[in-house]
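Asker: Task: produce atomic coordinates for the following.
(one chain, ligands or ions: 2)
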Amino acid sequence: MVVLTADPINPSAEVVERAASVLSVGGTVAAPTETVYGLFAHAHSAVGCLKVFKAKRRPLDNPLIVHVDSLEMAHDVGHVPPELENVLRRIWPGPITVVMKSRGVLPNCITAGLDTVAVRAPAHPIPLAIIRKLKAPMAGPSANRAGRPSPTTAQHVIEDLAGEVDLIIDGGPTFFGVESTIIDVTKHPPVLLRPGPFTVEELEKIFGSVSVPPAARGLAEVEVALAPGMKYRHYAPETPLVVSHVDLGKAAAALEARGVKTAVLCIGDCPPVGHPLPLGEDLYQVAKNLYGVLRELDRLGVDVGLAPAVEERGIGLAIMNRLRKASVGREVRSLEELYVVLGVF
Ligand code: TXA
Ligand code: MG
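Answerer: Ligands and ions are numbered 1, 2, ... in the order given. Below you'll find the model as predicted:
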């Protein structure tokens, strides 16, 4: 495994060429995107694809996102609905993945044999330069071990996948810190499969109306998962996490008084009780820091982490979705509920 550093704005030709040559012989490359780090393979390489699944311990029925450099390249792998041509020209490159009918030209490993394909053009100079050099798309999921928070730094990738990736490109921390928005445009109205940095409010301006099922808010897993990946346990730290609508200072004080060692994931000022884990001052900072903080939570050795519920608007929808998944449904609206979910009396 080789780790190379690269300037995220202007990556050197040497690093880009090295990555392209690893990918073109069926190797794997972890690299930053504007959302999270991805673990990439050449999109036409079944061997590279299998290495990605093996490194992540990812179930084979969970398909990968195909990363392109342009709308033209998207046409090669999927059927872009003609009425969306202009829309995609406007919103790509960017943190939005579009599920469309597949052309069936990619290895089954990538699409998990589905007749649809998830496509996005990342707004990050490093993957864009590699795709351009490769003259082919790169397929890839987030570069974490399956079930762990997505990596937002190269260090997170090394923690999860050391020795299992041919090349890691360290391009510094990622910009948004949560994964791309996923929208399924094979349905009418389009269905939000995963909220992300490209907000529902922005999507509604473009598509008129967008369906937001409870599962996209991170609520009650639906019977038949919308996106194959939605049925798997995601982003969950080892330490029990609780999403609290109750004031965090009050909740932490109540737990500490009952002998429960508590870490508090706080926005703005942290309360004077419990172990403070600052998330940032505003919701964009929270998104950027969230996964790093969830990883830190597990290193503290506390009994429980308390996270604040945030308003499900803008990037807040993506944050609540990730918090709900990380807390596996522990969401409380009163101290009594908090005691019940933790079994503390
Ligand atoms: O920001 C991102 O999207 C990052 C960077 C690396 O691009 N990638 C990422 O990939 O988060 P991953 O594999 O962790 O999440 C992709 C999600 C999975 O839940 C998968 O089930 C879903 O996309 N997906 C892929 N193909 C699909 C399809 N044809 N239909 C529905 N969902 C699909
Ligand atoms: Mg992932």
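
Asker: Can you pull up the most central residue in this protein?
Answerer: E179 (2.8 Å; C-alpha atoms, centre = their mean).

Asker: That residue reaches A143, doesn't it?
Answerer: No - using C-beta atoms under 8 Å, E179 is not in contact with A143; the gap is 11.3 Å. From N, CA and C alone the C-beta is placed, and that goes for glycine too.

Asker: Name the residues contacting each of those two.
Answerer: The contact sets of E179 and A143 overlap at 36, 150 (C-beta atoms under 8 Å, 6 or more residues apart in numbering).

Asker: Buried residues, stretch 118-135. List them.
Answerer: Neighbour counts over stretch 118-135 (16 or more other C-beta atoms under 10 Å) mark 118-131, 133-134 as buried.

Asker: Kindly provide the distance from the residue in the stretch 101-250 of the chain positioned nearest to ligand 2 to Y339.
Answerer: Across the stretch 101-250 of the chain, the shortest distance to ligand 2 (C-beta to the ion) belongs to S142, at 3.4 Å. Plainly put, S142 is 35 Å away from Y339 if you go by C-beta to C-beta, to the nearest Å.

Asker: Comparing those two, which residue is more hemmed in?
Answerer: The neighbour count for S142 versus Y339, taken as other C-beta atoms under 10 Å, is higher for S142 (29 against 16).

Asker: all helices for the stretch 1-150 of the chain, in order.
Answerer: 13-24, 46-56, 71-77, 85-91, 108-111, 125-134 (DSSP state H, counting those that start in this stretch).

Asker: For those helices, give me CSV that also has mean pLDDT and distance to ligand 1.
Answerer: CSV is the format used below for those (pLDDT from 0 to 100; distance: least, C-beta to the nearest ligand atom, whole Å):
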stretch, mean pLDDT, distance to ligand 1
helix 13-24, 98, 14
helix 46-56, 98, 9
helix 71-77, 98, 11
helix 85-91, 94, 14
helix 108-111, 96, 6
helix 125-134, 98, 8
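
Asker: how about D115, what does it touch?
Answerer: Contact analysis of D115 by C-beta under 8 Å, 6+ apart lists 101-102, 104.

Asker: try 10 Å this time
Answerer: By C-beta atoms under 10 Å, 6 or more residues apart in numbering, D115 lies in contact with 101-104, 186.

Asker: near ligand 2 too, which of the residues you listed?
Answerer: Among these, not one lies near ligand 2 by C-beta under 5 Å from the ion.

Asker: Which one of these sits in the busiest neighbourhood?
Answerer: The most neighbours of any of these, using other C-beta under 10 Å, belong to S102, which has 21 neighbours.

Asker: picking that back up, and the residue nearest to the centre of the chain, how far from P195?
Answerer: E179 sits 10 Å away from P195 when distances are taken as C-beta to C-beta.
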